[in-house]
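1. coordinates only, sequence not included:
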């Protein structure tokens with residue numbers, strides 16, 4: 001007795017499963033490549049810092065360039081006209 005011939009629908013389903021598997025494997029591999037590339041290109045991945053750059057950073061933190069945040073007041077501009085706000089509550 002011969003095997004029953006595979007229907008066109010069964011063949012299409014088999015091809016679809018194969019394609020889905022291939023796409024999933026490619027996506028996983030691409031994700032891994034991107035993750036490795038991102039980790040390798042991250043500036044903190046070198047793990048070492050030269051002594052001269054550390055000293056320069058400390059000097060920059062302690063220098064006074066005259067910049068000031070002012071009194072810290074956050075509010076409307078001093079133009080005389082206050083903005084109007086409407087609130088709706090239930």
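-> Great, that's in hand. All values reported here derive from a predicted model rather than from experimental measurement. Numbering: from 1, shown residues only.

2. only C-alpha atoms from now on, for both contacts and neighbour counts.
-> Will do.

3. and the helices in this structure?
-> Using DSSP state H, the helices found in the chain span residues 8-41, 51-62.

4. now, of those, which is deepest in the fold?
-> Most buried of the helices of the chain by mean neighbour count (mean count of other Cα atoms under 10 Å) is helix 8-41; its value is a mean of 12.

5. mind pulling the model confidence for residue 20?
-> Note for residue 20: predicted pLDDT of 98.

6. if I look at it, how far off is residue 27?
-> Per Cα to Cα, to the nearest Å, residue 20 is found 10 Å from residue 27.

7. rank the helices of the chain by mean pLDDT and give me the bottom one.
-> Mean pLDDT values for the helices of the chain show the minimum at helix 51-62, a mean of 55.

8. if we can go back for a sec, tabulate the helices of the chain (JSON lines), appending distance to residue 88.
-> As requested, the helices of the chain are arranged in JSON lines below (distance: least, Cα to Cα, whole Å):
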{"stretch": "helix 8-41", "distance to residue 88": "48"}
{"stretch": "helix 51-62", "distance to residue 88": "47"}
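
9. out of these, which is closest to residue 68?
-> Residue 68 sits nearest to helix 51-62 of all the helices of the chain, at 14.2 Å, using Cα to Cα.

10. many thanks, I have nothing further to ask.
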